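Asks: give me coordinates for this.
(2 chains, ligands or ions: 2)
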Amino acid sequence: MPFDIDRTGTPLIELKNMQKAFGGIRAVDDVSIDLYPGEVVGVLGHNGAGKSVLMKMVSGALQRDSGEILVNGKSADINNPRDARNYQIETIYQYLALADNLDAASNLFLGRELVTPMGLVNDAAMEAETRKIMGRLTPNFRRFSTPVAGLSGGQRQSVAISRAVYFNAKILIMDEPTAALGVEETAMVAELIDELKKQGIGIFLIDHDIHQVKNLCDRASVMKNGKLVGTVEVDKVSEDDILGMIILGKKPEIAE
Amino acid sequence: MSDSKTLSEPTRTEKNLFAQLEIDTRLLGMIGAFIVLCLVFNFLTDGRFLTPRNIFNLTIQTVSVGIMATGMVFVIVTRNIDLSVGSLLATCSAMMAVVQTVIAPEWLGLELGHGMIAPMAILVGLLTGMIIGGFHGWLVGYLTIPAFIVTLGGLFVWRNVAWHLTGGQTIGPLDANFQLFGGIGGTLGETGSWIFGVIAVAASLYGLYSARRARLTHDFPVKPIWAELVIAGIVTVAILGFVAILNSYEIPTRRLARMFEARGEVMPEGFTTGYGIPYSVLILIAVAVVMTVTAQKTRLGRYIFAFGGNPEAAQLSGIRTRALTVKIFMIVGALCAISAIVASARQTFHSNDIGTLDELRVIAAAVIGGTALSGGIGTIYGAILGALIMQSLQSGMAMVGVDAPYQNIVVGIVLVFAVYVDILYRKRTGS
Ligand SMILES: Nc1ncnc2c1ncn2[C@@H]1O[C@H](COP(=O)(O)OP(=O)(O)O)[C@@H](O)[C@H]1O
Ligand SMILES: [Mg+2]
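Replies: Ligands and ions are numbered 1, 2, ... in the order given. Coordinates of the predicted model:
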């Protein structure tokens, strides 16, 4: 549940005047938002508002046209997914970006495999770590050696979340993490978000469920047509205020 | 959700036999089909198909396509295709032939049979294959030209570059040492083959043992010990049986006498000995081992399969996917060069038509071996078994007296049918 976030120090991450255009379309147009430790900032807006593009610039999947990313107050040079990982930015994607043909451990460690002294991938060690970390998040999970294609949406998503936890994410981007999930699985992800928040991790959460946003987020930044409508503290506004921002692009009185 | 299913899974006890052995049932199906095929041909040829001599020839004939098929697995797993392997083989063969018959004797003045000729030719061949393969990979990965087009172009280009390099001539005979890799001209002999067999058994058993130990140290579930022993037994029998068969193909007496003569000795009365394992088959085995380790135990292999399973996920995981494509095509190029060594050594000369239509055989071998064109799925051993099945089919039909055009009709139908069976199998097992 939201509790008071100390926003006097340096933000964990600060996006300043971010821009990205595809041909003539300004997908993200001069957007600035920030995120403090232990905070969940909801990124809201209609389909095509530019939420995913904004987040992809942070996770290195897309290169920004202009703008600046500051991590812990220092300018961060993020040009590809590897750079983002080096800043302990982990992303959980909208469309469950896992390699279906590989098992949970291979996916969890993809791109950062544990290797033996001979330089070969150490499957046993990776499976052991995967069992440990997934045992904490989803105690009933057993299917460690089957391709993740056979897993439920929630199980697949917990592989992605385990990855972020295992590699000590400081900044977590969740792009509609529950879009492909059922009710129970959505509840599980919500619990996880609260858990991670307590550990001081900052989370950008893209979600369409206003109710969920009110429950999970501390602040909400609303985008429309690539522009930032405004950022509000969710406790100080009503669901209708937020809907008004999303639909009409109307900023409530109280917004920053 | 399927959580309830997963919960009950570990407690389910009536697993069937194959599940307990944890053997790939698809592999079993292929081996079964292969055995049936062999028995049918053996029946139709009144027992001539399964003689040591014919088995020896089959293995030799399988090597060239088998080597390239292992590389084709990587290409197809990453959702690409390589139509140029036969032509690339020809260019590598031409380069090596030119080194052996022109560059070494005329430019460098090395006398006939000089020990450096074969290594030099092989090095040049490998470099040629890797450079051209890498170039294909660059066109596909960095310039994003579809692999189908790049390698279709390569099919035309390299076949005719080979023609240009040799002035359209057949070049030979190749260096005597080089010819050792052709098959019957270079074998391990009986003792050497047994030693190899024992080492191979020891290595396999150690592999099984250390895999089990690794799982035990992490407290993972392991197969029952009897299952491990059954597998160990099968592996041992298969390896030693293979050696025994190749050893029992005896070198003809007259040829043997000539070999003794060449060494300045007289052959003892009644002396016989078998050929043993050909060097070319050793090369295929080495390629199979290296490629299997690459596929299953290296980061490169992991990335190849991840990229094939979900290119976007691979990229988002920080994998350099374009460089990966270059590496894959480079590996294929190197394998084409190795196949070129075996193929040209086997015919003892380089010819313009060497490797013609190999691209189709290689693709068919990989696909029959279970490599899915939709990407992400394929095994090295499957591709080699696929090559062996194709070759057996063709040799068997030839022995029965089926004309070559009809052989090709059958091979084409079998290819399509095999893929259909594979689709049915995957649907049923949900994999
Ligand atoms: N790779 C791309 N190429 C071209 N246009 C894109 C690309 N990705 C997103 N867009 C466009 O940018 C805009 C914002 O998209 P997106 O950020 O995905 O929206 P959402 O807020 O629903 O996540 C849309 O108009 C979309 O069509
Ligand atoms: Mg989106």
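Asks: roughly how far apart are A:Glu129 and ligand 1?
Replies: If you measure A:Glu129 against ligand 1 using Cβ to the nearest ligand atom, to the nearest Å, the figure is 32 Å. Bear in mind the C-beta positions are built from the backbone N, C-alpha and C, glycine included.
Asks: contacting residues around that residue?
Replies: For A:Glu129, the contacting residues are A:Ala105, A:Leu108, A:Phe109, A:Leu114, A:Tyr166, by Cβ atoms under 8 Å, 6 or more residues apart in numbering or on different chains.
Asks: quick one, domains of the chain?
Replies: No chain in the question, so chain A it is. A:25-88+A:170-256, A:100-167 (automatic domain parsing).
Asks: meant chain B, my bad for not saying
Replies: Split by automatic domain parsing, chain B gives B:8-176+B:278-429, B:187-276.
Asks: only whichever of the contacts of A:Glu129 are buried, select them in ChimeraX.
Replies: To isolate the buried members of the contacts of A:Glu129 in ChimeraX, using 16 or more other Cβ atoms under 10 Å in any protein chain shown:
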select /A:105,108,109,166
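Asks: quick one: which of the contacts of A:Glu129 is nearest to B:Arg320?
Replies: A:Phe109 (16.7 Å; Cβ to Cβ).
Asks: these two touch, right, the closest one and A:Ala128?
Replies: No. Taking Cβ atoms under 8 Å as the definition, A:Phe109 is not a contact partner of A:Ala128, at 11.4 Å.
Asks: now do B:Arg26, the pLDDT please.
Replies: On the pLDDT scale, B:Arg26 is placed at 82.
Asks: report the secondary structure state of it.
Replies: Classification of B:Arg26 using DSSP: H, G, I helix; E, B strand; the rest coil returns helix.
Asks: give me the number of residues near the nearest residue to it once chain neighbours are set aside?
Replies: In space, and not counting its chain neighbours, B:Arg26 is closest to B:Gly370: 5.7 Å by Cβ to Cβ, 6 or more residues apart in numbering or on different chains. Using other Cβ atoms under 10 Å in any protein chain shown, B:Gly370 is surrounded by 25 other residues.
Asks: name the element B:Gly370 belongs to?
Replies: Of the helices and strands defined by DSSP states H and E, none includes B:Gly370.
Asks: now A:Val31
Replies: strand A:25-35.
Asks: could I get stretch B:207-214 in PDB with only the CA atoms?
Replies: The C-alpha coordinates for stretch B:207-214 follow below in PDB (Å, rounded to 0.1, in the frame of the first residue of the first chain):
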ATOM      1  CA  GLY B 207      29.700 -37.700 -19.300                       C
ATOM      2  CA  LEU B 208      26.700 -39.600 -17.900                       C
ATOM      3  CA  TYR B 209      28.400 -39.900 -14.500                       C
ATOM      4  CA  SER B 210      29.300 -36.300 -14.200                       C
ATOM      5  CA  ALA B 211      25.900 -35.100 -15.300                       C
ATOM      6  CA  ARG B 212      24.300 -37.200 -12.600                       C
ATOM      7  CA  ARG B 213      26.800 -36.000 -10.000                       C
ATOM      8  CA  ALA B 214      26.100 -32.400 -10.900                       C
END
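Asks: ok, the residue nearest to B:Arg26 - contacts?
Replies: Counted by Cβ under 8 Å, 6+ apart, B:Gly370 has contacts B:Arg26, B:Met30, B:Ile377, B:Gly378, B:Thr379, B:Gly382, B:Gly386, B:Asp422.
Asks: ok, it to chain A distance?
Replies: 13 Å (Cβ to the nearest Cβ, to the nearest Å).
Asks: what's the burial count for the closest residue to chain A within the stretch 51-200 of chain B?
Replies: Nearest residue of the stretch 51-200 of chain B to chain A: B:Val77, at 8.9 Å (Cβ to the nearest Cβ). By other Cβ under 10 Å, the residues close to B:Val77 number 27.
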